[in-house]
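**Student:** Build me a model:
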Amino acid sequence: MDPRPPAHRLPPWAAEAVALYESNAASQFVLYGNVGDRFALPGPAAELVDLPAFLRRVLLARFDVVLGYDLGSGLRVEQGAEAFARWPSAGELTAARTPRQAVEALTQYFRHCANLARSGRERLQVGCVVRAADLLAPPPAGGPSYELNALALLVRECDTDLLRAVGQVAAAALAAAAAIADATASVLGRTRTDPTLTAHPLATFLLTENLHDLHPLLANNPRAAALKVPLPSPADLHAALALLAPQHPTALPNTDLAALAAPLAGSTLAAAEGLVKTAEYRREKLAVEALAGARKRLVEKDCRGLIEFLDSRRTLDDVRGQPAVVARFREDLALWRAGDLAAVPMGYLLCGPVGTGKTFLVECLAGEAAVPVVRLKNFRDRWVGSTEGNLEQVFRLLRALGRCVVFVDEADQALGRRAADPADSGLGGRVYAMLAEEMGDPANRGRVVWCLASSRPDLIEVDLKRPGRIDVKVPLFPAATPREGLRLVVELCRRRGLAIESEHEAALLPLAPPLMTAGAAEGVAVKAYRLVRTGQGPAADALRRCLTGYRPPVPEEVLRFQIALAAAEATDPEFVPPEFR
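**Tutor:** Model prediction:
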């Protein structure tokens, strides 16, 4: 093991970029994922910087010229201004504003450097960092865009054809990319005589949050390396807190920083840094107990409302009926806590008629599990590639959270279809493929448990319900008899302080409707409570008025159809009451 602390090592994605560059396997890198975060500089003078600064000060530290571009600020010389100023057209490059002008100016400068190397006059190693590359070259919308495709092609080719022109002539120049520090081993170049460094004097980095937001010519370029920048691990968060501690003694006094880092899993270093600075300003000490709620706020903000945490005080003790279902959940949770992950299901499907308490059961599971339970909200968007990008962001979060449960309500609508629908340009098929791949990843067993809920499980693709994605299908049913339905209503009334005596229950039984769902019983109890609170009679009379002429919210034929679907889906016959088998 490397004895150095995490802050002195390169992140895995950066180490992979070094290996690819040094081996001449790639010189263009598409960095996607957590590219808007802060990163710890390796070495003794460690600090947190943004990704472009990390690239410039670590991977490109020995390059002669480093250029930067984004749509807002245009082209800039980030490093090597004197060397760049020797180019006669330097003013034209920095004046370029539009994407096409900027890319053409960059291409012209790269050709100028190639000509200098070919003539033996000067050998420059050049790096280029393009921020928000998805805004520079997004996917074409509504059919092919020839201008956009030409732009993407220019960006893709700017580091290949030119490199062939330089070839062996640039070997000596590449030696200038030797190791920048002991902590980084070697950064895009090792020694003056390394024979592998003979064809890559140019390194370009395209930064995008989601790979699906980038033009396919760039995202799928076989000559480029697409490297995912993940959310920080607990070890990364620990190292960042260690960097911040000396400057923030009130927020981070002499405490166990590892214990503080653990609850922040899933948040970014930038969010953690902001939390520490805010606490320091308020002269408050960060406590482990307060970080769980703070983590939820930070993660939900970073995910732009794509997910939300279910914070429930209920447990499985609050579930009435369904003893076999409750017993199964408790057995699985015990195995999960014990680390026996081979027996933990990959996912659950909660199916049953409308109003049978599928969401309520998930809330009870959230309170019982003692792990984050997140609800997958509406990730679909109208912009081309945006839906797929949203899913990419959600998957990054789930992997960073460690153990978690993912709840997808109305799964028959949210998960898409295998067959491409021309009406949505195939979006449903792409969403389906991404979700199927993520749900079936064996590496997620024991880490991410999917919990789908639907009253129409027959509309969910069979492949999504197979073992290995959804191992357990749990049916939920309405009350099997009028007596059970009345007991449910009476129990909900009692929770609101309305006492219904046993003799009154017997008199109310003939009024109890069949197939009473938990949602319908809740509505009856609320209506009875309102009548009592507005002085319209005692509890028993109020409940009698509510049951007289009761009209179910869902037609009985629809209920029976959905009951049959749920019974047919059940993994275990014990989940199905005898009345519904």
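**Student:** where do the helices sit along the stretch 151-300 of the chain?
**Tutor:** 161-166, 171-174, 216-219, 234-244, 257-261, 269-281, 288-302 (DSSP state H, counting those that start in this stretch).
**Student:** Can you work out which other helices and strands pack against the last one?
**Tutor:** In terms of contacts (3 or more CB pairs under 8 Å, 6 or more residues apart in numbering; DSSP states H and E), helix 288-302 is packed against helix 257-261, helix 269-281, strand 307-309. C-beta here means a position set from N, CA and C on the backbone, and glycine is covered the same way.
**Student:** could you give me the average pLDDT of it?
**Tutor:** For helix 288-302, mean pLDDT rounds to 76.
**Student:** list the buried ones in it?
**Tutor:** 291, 294-296, 298-300, 302 (16 or more other CB atoms under 10 Å).
**Student:** for stretch 128-141, same thing?
**Tutor:** 128-134, 136-140.
**Student:** Return the subset of those residues lying in strands.
**Tutor:** Within these, residues falling in strands by DSSP state E are 128-130.
**Student:** host element of Y348?
**Tutor:** Using DSSP states H and E, Y348 sits in strand 347-351.
**Student:** hey, C-alpha coordinates of that strand in CSV?
**Tutor:** Extracted in CSV, the C-alpha atoms of strand 347-351 (Å, rounded to 0.1, in the frame of the first residue of the first chain):
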residue,chain,number,x,y,z
GLY,A,347,-34.6,-5.1,-6.0
TYR,A,348,-38.3,-5.3,-5.0
LEU,A,349,-41.5,-4.7,-7.0
LEU,A,350,-44.4,-3.5,-4.9
CYS,A,351,-47.6,-4.1,-6.9
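**Student:** what mean pLDDT does the next helix or strand after it have?
**Tutor:** Counting by DSSP H and E, the next helix or strand C-terminal to strand 347-351 is helix 358-369. When pLDDT is averaged over helix 358-369, the result is 88.
**Student:** who touches helix 358-369?
**Tutor:** 310-316, 318-319, 325, 329-330, 333, 336, 350-352, 373, 405, 407, 409, 451, 453-455, 474, 476, 518 (CB atoms under 8 Å, 6 or more residues apart in numbering).
**Student:** Quick check: strands, which of those are part of them?
**Tutor:** Per DSSP E, the subset of these in strands is 350-351, 373, 405, 407, 451, 453-454, 474.
**Student:** want to throw the buried residues of helix 288-302 into JSON lines with distance to A225?
**Tutor:** Listed next are the buried residues of helix 288-302 as JSON lines, based on distance: CB to CB, whole Å:
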{"residue": "L291", "distance to A225": "36"}
{"residue": "A294", "distance to A225": "36"}
{"residue": "R295", "distance to A225": "32"}
{"residue": "K296", "distance to A225": "35"}
{"residue": "L298", "distance to A225": "30"}
{"residue": "V299", "distance to A225": "29"}
{"residue": "E300", "distance to A225": "32"}
{"residue": "D302", "distance to A225": "26"}
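**Student:** Give me the contact list for stretch 509-520.
**Tutor:** In contact with stretch 509-520 (CB under 8 Å, 6+ apart) are residues 353-357, 360, 478-479, 481-486, 488-489, 544, 547-548, 550, 552-554, 556, 559-560, 563.
**Student:** Of the contacts of helix 358-369, select the buried ones using a ChimeraX command.
**Tutor:** Buried residues within these, by 16+ other CB under 10 Å, are selected in ChimeraX with:
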select :310,312,316,319,325,329,333,336,350,351,352,373,405,407,409,451,453,454,455,474,476,518
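**Student:** what lines up beside the strand holding Y348 in the sheet?
**Tutor:** If you go by DSSP bridges, strand 347-351 pairs up with strand 448-454 (parallel), strand 472-475 (parallel).
**Student:** So what's the residue count around A258?
**Tutor:** 13 (other CB atoms under 10 Å).
**Student:** now it: how far from V371?
**Tutor:** Distance, A258 to V371, by CB to CB, to the nearest Å: 19 Å.
**Student:** Which of the ones in strands among the buried residues of stretch 128-141 sits closest to H238?
**Tutor:** V129 (28.1 Å; CB to CB).
**Student:** any idea how far that closest one is from A400?
**Tutor:** 25 Å.
**Student:** Please apply the same query to A443.
**Tutor:** 14 Å.
**Student:** Looking at these two now, which is surrounded by more residues?
**Tutor:** Just comparing A443 and A400: by other CB under 10 Å the higher neighbour count belongs to A400, 21 against 8.
**Student:** what comes into contact with the helix or strand containing the more buried one?
**Tutor:** For A400, the enclosing helix or strand under DSSP H and E is helix 386-401. For helix 386-401, the external contacting residues (CB under 8 Å, 6+ apart) are 32-34, 209-213, 228, 230-233, 265-266, 299, 302-304, 306-307, 372, 374, 376, 379-381, 404, 406, 427, 430-431, 434-435, 438, 447-448.
**Student:** Would you map the strands across the stretch 101-250 of the chain?
**Tutor:** Using DSSP state E, counting those that start in this stretch, the strands of the stretch 101-250 of the chain run over 126-130, 202-208, 225-229.
**Student:** Among those strands, which comes closest to L498?
**Tutor:** So among the strands of the stretch 101-250 of the chain, strand 225-229 is nearest, using CB to CB, at 55.8 Å.
**Student:** who does that closest one touch, helix- and strand-wise?
**Tutor:** helix 12-22, strand 28-33.
**Student:** what residues does that strand touch?
**Tutor:** With CB under 8 Å, 6+ apart, strand 225-229 has contacts from 11, 13, 16-17, 20, 25-26, 28-35, 37, 51, 211, 219, 396.
**Student:** Next, give phi and psi for Q125.
**Tutor:** phi -100, psi 130 (degrees, to the nearest 10).
**Student:** so it touches F63, yeah?
**Tutor:** Yes - applying CB atoms under 8 Å, one finds Q125 in contact with F63, separated by 4.8 Å.
**Student:** which one in the chain is furthest away from the centre?
**Tutor:** Here the centre of the chain is the reference, and by CA atoms, centre = their mean the most remote residue is E503, at 54.8 Å.
**Student:** can you list the weak-confidence ranges in the chain?
**Tutor:** Residues of the chain meeting the criterion pLDDT under 70: 1-8, 43-46, 97, 141-200, 382-385, 419-426.
**Student:** So which residue is smack in the middle of it?
**Tutor:** V394 (2.1 Å).
**Student:** Can you name every helix or strand that the longest helix anywhere in the chain contacts?
**Tutor:** The helix that spans the most residues within the chain, counting by DSSP state H, is helix 99-119. Helices and strands touching helix 99-119, as assessed by 3+ CB pairs under 8 Å, 6+ apart, comprise strand 65-70, strand 74-79, helix 90-95, strand 126-130, helix 146-157, helix 161-166.
**Student:** what domains does the record give for this protein?
**Tutor:** 6-229, 234-300, 316-476+571-580, 482-550 (automatic domain parsing).
**Student:** Check the buried residues of stretch 128-141 and tell me the two furthest apart.
**Tutor:** V129 and P140 (24.4 Å).
**Student:** just to revisit the earlier point, show me the one of the strands paired with strand 347-351 that comes nearest T250.
**Tutor:** Using CB to CB, those put strand 448-454 closest to T250, at 36.8 Å.
**Student:** any residues touching that closest one, and which ones?
**Tutor:** So strand 448-454 is contacted by 344-351, 358-359, 362, 365, 398-399, 403-412, 415, 439, 460, 464, 469-470 (CB under 8 Å, 6+ apart).
**Student:** 7 Å instead?
**Tutor:** Applying CB atoms under 7 Å, 6 or more residues apart in numbering, the external contacts of strand 448-454 come out as 345-351, 358-359, 362, 398, 404-412, 439, 460, 470.
**Student:** What of stretch 281-300?
**Tutor:** Residues contacting stretch 281-300 (CB under 7 Å, 6+ apart): 250-253, 259-260, 263-264, 266-267, 271, 275-276, 279, 307-309, 397.
**Student:** Buried ones among those residues?
**Tutor:** 251-252, 260, 263-264, 266-267, 271, 275-276, 279, 307-309, 397.
**Student:** Could you count how many residues lie near Y550?
**Tutor:** Neighbour number of Y550 under other CB under 10 Å is 16.
**Student:** Kindly apply the preceding question to P11 instead.
**Tutor:** Neighbour number of P11 under other CB under 10 Å is 20.
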